[in-house]
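Student: A predicted structure for the sequence below; I have some questions about it.
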Amino acid sequence: MNTYPRLLALLLLLTNIGPAIAASFVDITVTGRVTPDACHVTLSDEGTVDHGKIPSHTLSSTEFTVLPSRLLELNVQCSRPMLFALVGLDNRAESSLAPGFFYGLGRNIHVPAERLGSVALSYRNPMGDAQTLQVLASTDSGETWSPEPNAYPKSYIGFAPPGDRQPDFIGQLTTQLRIDTSINFTQYLTLDQEVPLDGSIVLDLRYL
């Protein structure tokens with residue numbers, strides 16, 4: 001007996017039910033991202049301090065010439081109270097006259113061996129969540145802390161209620177950032193052409 005027609009009919013039947021089987025289920029894809037709580041930092045004047053044009057004859061040849069201090073308003077806004085520190089990173093560290101204490105002011109573009117001066121940072125009048133705070137500093141990446149308003153390069157700067165010895169959780173911080181700029185002795189500088197000051201500092205917020 002010839003079974004070919006029956007096999008052909010069976011193959012056609014299996015072929016026809018294929019789409020019905022494929023359509024009997026659908027995929028569900030679930031996407032999204034779980035993001036950590038975070039803090040956002042802002043500085044007034046876009047973080048820029050411009051001392052304008054400084055006549056070279058007004059600079060001292062035998063001591064640092066201290067330029068007028070400038071204050072910027074710094075604000076840290078967190079999604080919830082967070083434990084954090086601010087760390088100053090010097091993009092001109094090779095030009096600093098005292099890298100452990102001051103940030104560099106760049107080099108003379110006409111005589112690259114000459115270092116132009118120093119920048120000092122300090123925090124003043126911090127307020128956190130509507131309370132007066134003190135400034136704490138750590139030179140060992142947050143292991144130990146002591147009261148210190150000056151923000152030396154790579155030091156961790158935290159904030160806490162007066163009397164505390166560890167940074168506190170803060171949801172919103174406002175403080176003044178004081179910038180003090182000093183120009184090197186002119187006896188060490190070649191100033192027969194215009195020389196731009198070139199300090200560049202990053203404030204890095206780190207979670208503790």
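Tutor: Thanks, I have the structure now.
Student: all contacts plus neighbour counts: C-alpha atoms, from now on.
Tutor: Fine.
Student: which helices and strands does whichever strand or helix holds residue 118 pack with?
Tutor: Secondary structure from DSSP states H and E places residue 118 in strand 117-128. When contacts are defined as 3 or more CA pairs under 8 Å, 6 or more residues apart in numbering; DSSP states H and E, strand 117-128 packs onto strand 103-104, strand 134-138, strand 170-183.
Student: Just name the shakiest helix or strand of the protein by mean pLDDT.
Tutor: helix 4-22 (a mean of 49; mean pLDDT, DSSP states H and E).
Student: what's near enough to touch the closest residue to residue 195 other than its chain neighbours?
Tutor: Nearest in space to residue 195, with sequence neighbours left out and distances taken as CA to CA, 6 or more residues apart in numbering, is residue 108 at 6.3 Å. Contact partners of residue 108, counting by CA atoms under 8 Å, 6 or more residues apart in numbering, are 114-116, 189-190, 195-196.
Student: Please tell me how far residue 108 sits from residue 187.
Tutor: 13 Å (CA to CA, to the nearest Å).
Student: With residue 101 instead?
Tutor: Residue 101 is 23 Å from residue 187, by CA to CA.
Student: check contacts around the residue nearest the centre of the chain.
Tutor: By CA atoms, centre = their mean, the chain has its centre lying nearest to residue 204, at 2.6 Å. Residue 204 makes contact with 86-89, according to CA under 8 Å, 6+ apart.
Student: In PDB, list the C-alpha atoms belonging to the helix or strand encompassing residue 78.
Tutor: Per DSSP H and E: residue 78 is located in strand 70-82. Extracted C-alpha coordinates of strand 70-82, given in PDB (Å, rounded to 0.1, in the frame of the first residue of the first chain):
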ATOM      1  CA  ARG A  70      37.200  86.300  46.600                       C
ATOM      2  CA  LEU A  71      34.200  84.500  47.900                       C
ATOM      3  CA  LEU A  72      32.100  82.000  46.000                       C
ATOM      4  CA  GLU A  73      28.800  80.500  47.300                       C
ATOM      5  CA  LEU A  74      28.900  76.700  47.300                       C
ATOM      6  CA  ASN A  75      25.800  74.600  47.600                       C
ATOM      7  CA  VAL A  76      25.400  70.800  48.000                       C
ATOM      8  CA  GLN A  77      21.900  69.400  47.500                       C
ATOM      9  CA  CYS A  78      21.400  65.700  48.200                       C
ATOM     10  CA  SER A  79      18.400  63.500  47.500                       C
ATOM     11  CA  ARG A  80      18.500  62.500  51.200                       C
ATOM     12  CA  PRO A  81      20.900  63.200  54.100                       C
ATOM     13  CA  MET A  82      24.300  61.800  53.000                       C
END
